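**Q** Quick one, structure for this:
(one chain, ligands or ions: 1)
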Amino acid sequence: MQDQTATFERHIHEQQLDQRRQVSGEFTWLLSGIVLACKIISEEVRRLGLSGKSGGAGAINVHGEEQQTLDIFSNKVLLECLGSRGNVGILASEENEAPIVLVENRDDGEYVVMFDPLDGSSNIDVNVSVGTIFSIYRRPENHNGSTASEVLQPGTQQLAAGYCLYGSSTVMVYTTGNGVDGFTLDPTIGTFLLSHPDMKMPDRGSIYSVNESYADSFPPYCRRYLHWLKSGEDDALYSSRYIGSLVADFHRTLLKGGVFLYPPTSFYPDGKLRLMYEANPIAMLAEQAGGIATSGGESILSIKPNDIHQRVPLFVGSPFEMQRLQTFIQRPLKV
Ligand code: P6P
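**A** A predicted model of the protein is given here:
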């Protein structure tokens, strides 16, 4: 029988005590805002076919993509739940062109929270898993006064990162830099309970995940790597799985190992995924669980961002597959 007192909030509190952090409760209070938002979004996702919130909203977001009704709803819920915490200074969302400064004074709002409110939402009408991805920073004490300089921090500076996956069950996976833990929502009591303590990505897997329809436009090293994954060489026997929702594809990679790839393509020469609120949080989780995450050229977490919505190629997975990728990147082209 699941221990119904092993809640997310208790885990955060105990983790802060373990880390002998001055337990101000501020961070716990901030995270409880994300938990509340994810519970509300989860309910709407589950009722989608009945709530009339399905389908397109008849609007285009800042990236020229059709907004789903639930994108707008999820974004609004997160802005409200985090905006009311009283300790968040700046919010940045995939759905908003510019960051939202809630309070100018750092002392009144020391945290920066970035999020993709409903990643994979184009799949929502066909009942495919979708997710919320979040990344939390502290506002820098010294900056040049611009909001951009407070927000554009490398992923290594993240205080915490995580996602909530709205799948066959609702699962919250997060890290504060001290390992990765997973919680499953118990709808009977409306609480996230610890279900996946101390998650570790397997050293090697048997699944690769990529949208192969773009393969002809992948960089040569990537095409050679893909060929190796399918060749059976080095007793590498892989299955291909691609859901088309980053959170779902990564969650499977975290649990089963293997590799997820979103390489540069002719349509997305810098990759499709966003650095600040997709790749960075995923990379922090991957590394905290023993995996590796790169852009093909450098560690995701070390990239110095220059725009809040910048895209980046993402290769993330188990050490074995990621080290093998590196050999293809370093191998000179056969002449
Ligand atoms: P493609 C969803 O739209 C998303 O942003 C990610 O969740 C997902 O990994 C990717 O795009 C899928 O992109 O080009 O394969 O449809």
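**Q** Alongside the ligand, which residues does this protein contribute?
**A** Taking CB under 6 Å from any ligand atom, the part of the chain that reaches the ligand is made up of 119-120, 122, 211, 244-246, 249, 272. Backbone N, C-alpha and C define where each C-beta goes, glycine included.
**Q** for the stretch 1-150 of the chain, which spans come out with low pLDDT?
**A** 1, 19-24, 51-56 (pLDDT under 70).
**Q** Without its sequence neighbours, what residue ends up closest to the closest residue to the ligand within it?
**A** Nearest residue of the stretch 1-150 of the chain to the ligand: Gly120, at 4.0 Å (CB to the nearest ligand atom). In space, and not counting its chain neighbours, Gly120 is closest to Ser245: 3.0 Å by CB to CB, 6 or more residues apart in numbering.
**Q** Could I get the phi/psi values of the one you found?
**A** Per-residue torsions, Ser245: phi -120, psi 120 (degrees, to the nearest 10).
**Q** count of residues packed around it?
**A** 23 (other CB atoms under 10 Å).
**Q** Tell me who's in contact with the residue of the stretch 1-150 of the chain closest to the ligand.
**A** 128-131, 243-248 (CB atoms under 8 Å, 6 or more residues apart in numbering).
**Q** cutoff 10 Å now
**A** 128-131, 133, 165-166, 243-249 (CB atoms under 10 Å, 6 or more residues apart in numbering).
**Q** Got a PyMOL select line for the buried ones in those?
**A** Entered in PyMOL, the line below selects the buried ones among the contacts of Gly120, by 16 or more other CB atoms under 10 Å:
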select buried, resi 128+129+130+131+133+165+166+243+245+246+247+248+249
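**Q** which of the contacts of Gly120 lies closest to Ala236?
**A** Nearest to Ala236 among these, counting by CB to CB, is Asp249 at 19.4 Å.
**Q** ok, now which ones touch that closest one?
**A** Asp249 neighbours (CB under 10 Å, 6+ apart): 120, 129, 207, 209-211, 241-243, 260-262, 282, 316.
**Q** So which of these are in strands?
**A** Among the contacts of Asp249, the residues falling in strands (DSSP state E) are 207, 209, 260-262, 316.
**Q** Glu97 against His309, yeah?
**A** Yes: using CB atoms under 10 Å, Glu97 is in contact with His309, at 7.9 Å.
**Q** quick one: which of these two has more around it?
**A** Higher neighbour count among Glu97 and His309: His309, with 16 against 11, using other CB under 10 Å.
**Q** Quick check, pLDDT for the closest residue in space to Phe260 that isn't next to it in sequence.
**A** Leaving aside its sequence neighbours, Phe260 sits nearest to Ser209 (CB to CB, 6+ apart; 4.4 Å). Looking at Ser209, its pLDDT reads 98.
**Q** ok so, going back, helices - which of the residues of the chain next to the ligand land there?
**A** Within the residues of the chain next to the ligand, membership in helices is found for 246, 249, as judged by DSSP state H.
**Q** What is the most widely separated pair among the residues of the chain next to the ligand?
**A** That would be Asp119 and Asn211, which, of the residues of the chain next to the ligand, are the farthest apart (CB to CB) at 15.1 Å.
**Q** Mind checking which of the two has more residues around it?
**A** Taking other CB under 10 Å, Asp119 and Asn211 do not tie; Asp119 has more neighbours (27 against 14).
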